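Peer 1: coordinates only, sequence not included:
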């Protein structure tokens, strides 16, 4: 069944008011009509099945027929801090990371980031990434859309570290030196509901200096297996490993 | 250090004969010269560090200075049987799957595959995918290039099942019904060195009929976590989970 996110205020006890681009999607793309059913989430832990009762060009009203409990959120809150990568790799990271359960994305300017974001254009870029996250969240049946934070400087990132319970730093040199125990050890220390930050460098990885500063703040350098992963693959690896650890190994 | 795969016969006890496109890559793209060092793998478990000793337009000769043991192969041999997906998704699956350690890729025509491969063009397509696998294997420091098998019919796929030790079938309905124990149980039954086949449907998944026929042959339907993954994400999920299970959790 087709799924849509609506704002909290668009969902009352009895009905959902569907607005904006979703109206066009339901009536023009999906060609649905009165009586057809969709699933709506209010992005605040309420997901309902509802039946379309009134369609206009500007608004669709749907009567709630059942409250659902999809239980599709990862039981730990994983924020992916991604050093700005080249090209459209951030699109892939956000689309796949959303499918794999990320709680939020925090892009940051790393020393080896070749791409620099013009602050004037950053708003538009974040808007575009938020749209990718929304569509991926609908497709993968998430209960909430992961937040896409504004681009952080390295200093801002460092200051955020203390607000997370566990901070994992993907470190290629760890993989090369055969470090293969830290990730599992760190995950074993996480309890359900805790906040995990995973820091991933851009192409070329993080510098020795960044490593020093991040580990000083409490980040733990971890190898993600013995193969050298591209920057966009590292986030997918760690999210899948976290899902396997907390959702499937029981 | 830059890495290249060469054919078995190009690597003798003492020297490596680098041929073809790699010659251009070393001399024109990387602008290396006599005395520079590269890593070469013969795709048959021999990886060496060597020093360029003679460069011509057609061949580069490099003296072997050290035999390496990168230990970057997954300890279980995972073949990804992928129902033909739309567009260029197979490129992504092969690039990322190679980074994540896949042993081989087996594309197959599933009932819901919209794409059909023209047998006349299949050779060229496989060649292109093999090139993607080679480049990803070099980049991720693999010891071997995963094999890209020719496209199989569903009947051919079924006949292959008995040659694998464990056959995992990604089944979306399992995820929807909350089935979350089979993947970990199946992985726990695998011993190092065994051959695992992971079957993943195209967009829209496998049909009930395909499910019946595959499970009859011994495939086990598994959920890959509670979220609905796109077809190209499923292979990445399972490879990362297998790496985490066999390489990091010790």
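Peer 2: That came through, no problem. Bear in mind that the values here come from a model prediction, so they are computed numbers and not experimental data.
Peer 1: list the buried residues in whichever helix in chain A runs longest.
Peer 2: Identified as the longest helix of chain A according to DSSP state H is helix A:119-139. By neighbour count on 16 or more other CB atoms under 10 Å in any protein chain shown, the buried set for helix A:119-139 is A:125-126, A:129-130, A:132-134, A:136-139. Glycine gets a C-beta too; all of them are placed from N, C-alpha and C.
Peer 1: please, which helix or strand holds the residue of chain A found nearest chain B?
Peer 2: The nearest approach of chain A to chain B comes at residue A:240, 3.5 Å away (CB to the nearest CB). Using DSSP states H and E, residue A:240 falls within helix A:231-243.
Peer 1: domains of chain A: list them as residue ranges, please.
Peer 2: Using automatic domain parsing, the domain parsing of chain A gives A:3-68, A:77-248.
Peer 1: from the contact counts, what lies against the longest helix of chain A?
Peer 2: strand A:3-5, helix A:89-99, strand A:147-148 (3 or more CB pairs under 8 Å, 6 or more residues apart in numbering or on different chains; DSSP states H and E).
Peer 1: would you format these as a markdown table with mean pLDDT and distance to chain B included?
Peer 2: Formatted as a markdown table, those follow (pLDDT from 0 to 100; distance: least, CB to the nearest CB, whole Å):
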| stretch | mean pLDDT | distance to chain B |
| --- | --- | --- |
| strand A:3-5 | 95 | 10 |
| helix A:89-99 | 98 | 5 |
| strand A:147-148 | 98 | 17 |
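Peer 1: show me which residues of stretch A:42-57 are buried.
Peer 2: A:42-43, A:46-50, A:52, A:55.
Peer 1: measure the most centrally placed residue in chain A to residue A:80 for me?
Peer 2: Most central in chain A under CA atoms, centre = their mean is residue A:102, positioned 3.6 Å from the mean C-alpha point. As judged by CB to CB, to the nearest Å, residue A:102 and residue A:80 stand 5 Å apart.
Peer 1: do the same with residue A:185
Peer 2: 20 Å.
Peer 1: look at the two and report which has more neighbours.
Peer 2: residue A:80 (26 against 12; other CB atoms under 10 Å in any protein chain shown).
Peer 1: quick one: the helices in chain A?
Peer 2: Using DSSP H, helices in chain A cover A:21-24, A:89-99, A:119-139, A:154-160, A:172-176, A:182-189, A:208-216, A:231-243.
Peer 1: up against chain B, what does chain A have?
Peer 2: A:70-72, A:96, A:99-101, A:139-142, A:178, A:180-181, A:183-184, A:223, A:225-230, A:233, A:236-238, A:240-241, A:243-245, A:247-250 (CB under 8 Å from any CB of the partner chain).
Peer 1: and the gap between residue A:1 and residue A:36?
Peer 2: Relative to residue A:36, and taking CB to CB, residue A:1 is found at 9 Å.
Peer 1: what does residue A:85 give?
Peer 2: Distance from residue A:85 to residue A:36, by CB to CB: 40 Å.
Peer 1: more neighbours, these two?
Peer 2: A direct count of neighbours by other CB under 10 Å for residue A:85 and residue A:36 places residue A:85 higher, at 23 against 16.
Peer 1: quick one: low-confidence parts of chain A?
Peer 2: For chain A, the stretches with pLDDT under 70 are A:175.
Peer 1: now with 90, please.
Peer 2: Counting by pLDDT under 90, chain A contains low-confidence residues at A:1, A:70, A:115-122, A:172-181, A:250.
Peer 1: which residues touch the residue nearest to residue A:25 when sequence neighbours are not counted?
Peer 2: Sequence neighbours aside, residue A:4 is the residue nearest to residue A:25 in space, at 7.8 Å (criterion: CB to CB, 6 or more residues apart in numbering or on different chains). By CB atoms under 8 Å, 6 or more residues apart in numbering or on different chains, residue A:4 lies in contact with A:18, A:22, A:25-26, A:38-41, A:138.
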